[in-house]
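can't give you the sequence, but here's the structure:
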Ligand SMILES: Cc1ncc(COP(=O)(O)O)c(CN[C@@H](CCC(=O)O)C(=O)O)c1O
């Protein structure tokens, strides 16, 4: 239909518009990613809204970013380390890729007290987000994974990037090689393991982001038993463990036998307000072995030594102070503050007759809007109440019909958001 001359001139015009292109093909896995990563997308919507309504007081209960100042006992430890770097005696360069031994020991002795975790099974990092991707590098593209649905999007997105996920199925909103373990009110937010296919790896976040629910001891016992029977590895994300207010386990290693089937990743972000300081850890037990008997821990150590040059010495000084008696006590006050915030949000939505889940063992309320699109609810609350939330669909197909509301705002913001939401949704 078109002469070669026309096609050629269109191609030349297109090339001129693009400018110079290399001959390097794009990674096909990156092409499989649907949209941008959820949280920068939320930030973009926030910025667009702020531009549209420059005089509106935007209340941000979307991205789970802490707002309470870090207690002075912790920041002074970081300041002291920073100042020491300007002295001959105090200067330190590269540390151990696995983290400073004193911090590894403190994590093992304080966080994992009486849980049988040894200091050299703890690997300090720059946060759980990075550890998720480093674990994916360790696991490789041939692994099959299962995730809770809904769940923190980094597990699925990193799986896509390393080439595990397979093709996206428009009709289901799922990637064909990933097992989505539905978690919802009618199964007490715990998957039906009897109908869950075997996968090599099970990403399990408890307390769960976004539902805010923590798995009970019997549930985690069933999960460990399931993984052992299937020869699977659990990657247990305990980033919100410090928010647990009942007798739910704070670590998978409270469960007998877990050290033979599980890796745990966690973080100082929500526990200590270190979202910008950047500090986390992974526990890779010596008992955890591949099918050929080779210790997983040895390969993870190789990944850390090759792909990561150690967490900041200043952040690690802060982490050590977090785990001191006074530091830990000061942080508990911040966590109590966020719990009170969560109660405000729960009360607001409950008073409107809406079903609200979570918020007791995590800083997130999971609010159900039956029959409604989560992005539609997100847009309505943003547009009419100037309150930012996160649409549930961003956490997986199982999140449709819900929104996530963070409790990390200031008290003033929480109370104002509550007032606005009651006025909007009454
Ligand atoms: C379950 C879970 N694991 C890990 C992380 C990241 O931990 P770091 O140690 O700080 O890397 C988050 C943060 N989720 C927040 C922040 C979103 C983001 O990653 O930008 C959220 O869900 O709003 C999380 O919810």
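Thanks, I have it. Everything numeric here is computed off the predicted structure, so don't read it as measured data.

CA only for contacts and neighbour counts going forward, please
Fine.

wait, what's in contact with the residue positioned nearest the centre of the chain?
In the chain, the C-alpha nearest the mean C-alpha coordinate belongs to residue 152, at 5.1 Å (C-alpha atoms, centre = their mean). Residues counted as contacts of residue 152 (C-alpha atoms under 8 Å, 6 or more residues apart in numbering) are 205, 209, 210, 395.

Which of the three states applies to residue 224?
helix (DSSP: H, G, I helix; E, B strand; the rest coil).

How about it, nearest residue that isn't a chain neighbour?
residue 258 (5.9 Å; C-alpha to C-alpha, 6 or more residues apart in numbering).

So what does that neighbour have for phi and psi?
Residue 258 has phi and psi values of phi -70, psi -30 when expressed as degrees, to the nearest 10.

The residue nearest to residue 172 when sequence neighbours are not counted and the ligand: what is the separation?
Spatial nearest neighbour of residue 172, excluding adjacent residues (C-alpha to C-alpha, 6+ apart): residue 397 at 7.6 Å. For residue 397, the distance to the ligand equals 16 Å [C-alpha to the nearest ligand atom, to the nearest Å].

In this structure residue 397 contacts residue 175, no?
No: counting by C-alpha atoms under 8 Å, residue 175 is not a contact partner of residue 397; they are 10.8 Å apart.

quick one: buried residues of stretch 232-247?
232-244 (16 or more other C-alpha atoms under 10 Å).

what does stretch 81-90 give?
With burial defined by 16+ other C-alpha under 10 Å, the residues of stretch 81-90 counted as buried are 81, 82, 85.

what's the first-to-last distance across it?
8 Å (C-alpha to C-alpha, to the nearest Å).

Tell me how far that stretch lies from the chain's centre.
Centroid displacement of stretch 81-90 relative to its chain, using C-alpha atoms, centre = their mean, to the nearest Å, is 34 Å.

now what about that stretch, what contacts it?
By C-alpha under 8 Å, 6+ apart, the list of residues contacting stretch 81-90 reads 91, 92, 313, 314, 317.

on that earlier part again, give me the distance between the residue nearest to the centre of the chain and residue 165.
From residue 152 to residue 165 the distance is 16 Å (C-alpha to C-alpha).

Then residue 7?
37 Å.

for residue 391, what are its contacts?
374, 375, 377, 378, 399, 400, 402, 403, 404.

Which residues of the stretch 201-350 of the chain lie near the ligand?
Counting by C-alpha under 6 Å from any ligand atom, the stretch 201-350 of the chain comes close to the ligand at 205, 209, 237, 239, 267, 269, 275, 280.

Could you measure from the closest residue to the third one other than its chain neighbours over to residue 12?
The spatial neighbour of residue 237 that comes closest, neighbours along the chain excluded (C-alpha to C-alpha, 6+ apart), is residue 205 at 4.5 Å. According to C-alpha to C-alpha, residue 205 stands 50 Å off from residue 12.

So between those two, which is more surrounded?
A count of neighbours by other C-alpha atoms under 10 Å puts residue 205 above the other of residue 205 and residue 12, at 28 against 12.

give the contact list for that one.
148, 151, 152, 236, 237, 238.

do the same with residue 146
178, 179, 180, 181, 199, 201, 202, 203.

Just the element for it, please.
In the assignment (DSSP states H and E), residue 146 maps to strand 145-149.

With residue 181 instead?
Per DSSP H and E, residue 181 falls inside strand 178-182.

try residue 10
Short version, using DSSP H and E: residue 10 is in helix 4-18.

That helix: what's the following helix or strand?
helix 28-32.

quick one: average pLDDT of the helix or strand following that following helix?
Next helix or strand after helix 28-32 toward the C-terminus (DSSP H and E): helix 38-52. Average pLDDT, helix 38-52: 94.

and whatever helix or strand comes next after helix 38-52 with the ligand, contact?
Sequence order places strand 59-60 as the next helix or strand after helix 38-52, per DSSP H and E. No: on the criterion C-alpha under 6 Å from any ligand atom, strand 59-60 is out of touch with the ligand, staying 11.1 Å away.

TSV for the contacts of residue 391, including neighbour count and secondary structure?
As requested, those are exported to TSV (neighbours: other C-alpha atoms under 10 Å; DSSP: H, G, I helix; E, B strand; the rest coil):
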residue	neighbour count	secondary structure
374	24	helix
375	19	helix
377	19	helix
378	21	helix
399	25	helix
400	21	coil
402	28	strand
403	29	strand
404	32	strand
